[in-house]
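**Student:** quick one, what's the 3D model for this:
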Amino acid sequence: MTIAPLLPQSNPPAQALTQRQREVFEFIVAHQQQEGMPPTRADIAKHFGFRSLNAAEEHLRALARKGVLDIAAGTARGLRVLTPQSLREAQFGEDAAEPLAQKFAQRNELALIGKVAAGTPLLAVENIERTVAIDGAVFHPHADYLLRVSGTSMRNVGIFDGDLLAVKRSSTAENGEIVVVRIGEEVTVKRLLRKDAQVWLLAENPEFPPIELDPQRADIAIEGRAVGVIRPFPPNALRR
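**Tutor:** Predicted structure coming up:
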């Protein structure tokens, strides 16, 4: 099953939204929270009584231009709300409209995220150690970035300290998947378990207790799903 994002989305930044644009934005946020997924163009058109899907599309494009919505091409539900904190995740250099992951994908590279600065999105420029020359398409689903693993909490599934975890950007995950989760100012890799209204993050190491999450906390969010692991060779490992 797909779970709803753990982070309740906030109001859009002050970008001079029209009344109708704000209503469409708030509908997208509410639908995401209640249904666990963004609405389709048809959902939006039906809710607001638009005569065509083009009218819904025009409002979505306007929200994207004003920096409060990211639209993924080729998918009916490819809408991602950009809060003030997450807005920088979709910025790179002077081109604020193109996500970092897309920039690197064009060069068959993945950004390597090291130590995450408190309060910054994972793909903020200051969190990127370097890029790695590997095509994200070698993973399934397609990887958007690499995260350097710290600690031994996932060792029993073959994820060790210093490994590079290939991550697909996502604010949702299936029950039982290994996920990257932000809790306050910390970022952790754990297995997601949801049962009824309760949500836990489980380590794959008996030395680490389960973490029970409060879905009402505004500082908790799923950042992505693990799709693979790269283990760097230690220095001089190939020398005889």
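**Student:** past the least confident helix or strand in the chain by mean pLDDT, which element shows up next along the chain?
**Tutor:** For the chain, using mean pLDDT, DSSP states H and E, the weakest element among its helices and strands is helix 100-105, scoring a mean of 64. Moving toward the C-terminus from helix 100-105, the first helix or strand encountered (DSSP states H and E) is strand 110-113.
**Student:** which stretches in the chain count as strands?
**Tutor:** Ranges of strands in the chain, per DSSP state E, are 69-71, 79-81, 110-113, 128-132, 145-148, 164-169, 178-183, 186-195, 198-202, 211-213, 220-230.
**Student:** and the third one, which residues are buried?
**Tutor:** Using 16 or more other CB atoms under 10 Å as the burial criterion, the residues of strand 110-113 that qualify are 110-113. The way it works is simple: take the backbone N, C-alpha and C, and place the C-beta from them, glycine included.
**Student:** how about a markdown table for the strands of the chain, with distance to residue 57 and mean pLDDT added?
**Tutor:** Output for the strands of the chain, formatted as a markdown table (distance: least, CB to CB, whole Å; pLDDT from 0 to 100):
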| stretch | distance to residue 57 | mean pLDDT |
| --- | --- | --- |
| strand 69-71 | 9 | 83 |
| strand 79-81 | 11 | 81 |
| strand 110-113 | 30 | 86 |
| strand 128-132 | 33 | 83 |
| strand 145-148 | 29 | 91 |
| strand 164-169 | 23 | 92 |
| strand 178-183 | 31 | 91 |
| strand 186-195 | 33 | 91 |
| strand 198-202 | 34 | 92 |
| strand 211-213 | 35 | 91 |
| strand 220-230 | 27 | 90 |
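**Student:** looking at those strands, which is closest to residue 46?
**Tutor:** Closest approach to residue 46 among the strands of the chain is made by strand 79-81 (15.6 Å; CB to CB).
**Student:** partner strands of that closest one, parallel or antiparallel?
**Tutor:** With DSSP bridges as the test, strand 79-81 is paired with strand 69-71 (antiparallel).
**Student:** what residues are up against residue 112?
**Tutor:** For residue 112, the contact set (CB atoms under 8 Å, 6 or more residues apart in numbering) comprises 128-132, 145-148, 164.
**Student:** how about residue 57?
**Tutor:** residue 41 are the contacts of residue 57 under CB under 8 Å, 6+ apart.
**Student:** and it, what's its pLDDT?
**Tutor:** pLDDT for residue 57: 91.
**Student:** how much space between it and residue 45?
**Tutor:** 9 Å (CB to CB, to the nearest Å).
**Student:** before we move on, what about residue 146?
**Tutor:** Taking CB to CB, one finds residue 146 at 39 Å from residue 45.
**Student:** just residue 33 next, same as before
**Tutor:** 20 Å.
**Student:** what comes up buried for the longest helix anywhere in the chain?
**Tutor:** Once the chain is assigned using DSSP state H, the helix that runs over the most residues is helix 19-35. Residues of helix 19-35 classed as buried: 21, 24-25, 27-29, 31-32 (neighbour count, 16+ other CB under 10 Å).
**Student:** what do you get for stretch 216-234?
**Tutor:** In stretch 216-234, counting by 16+ other CB under 10 Å, buried: 220-230.
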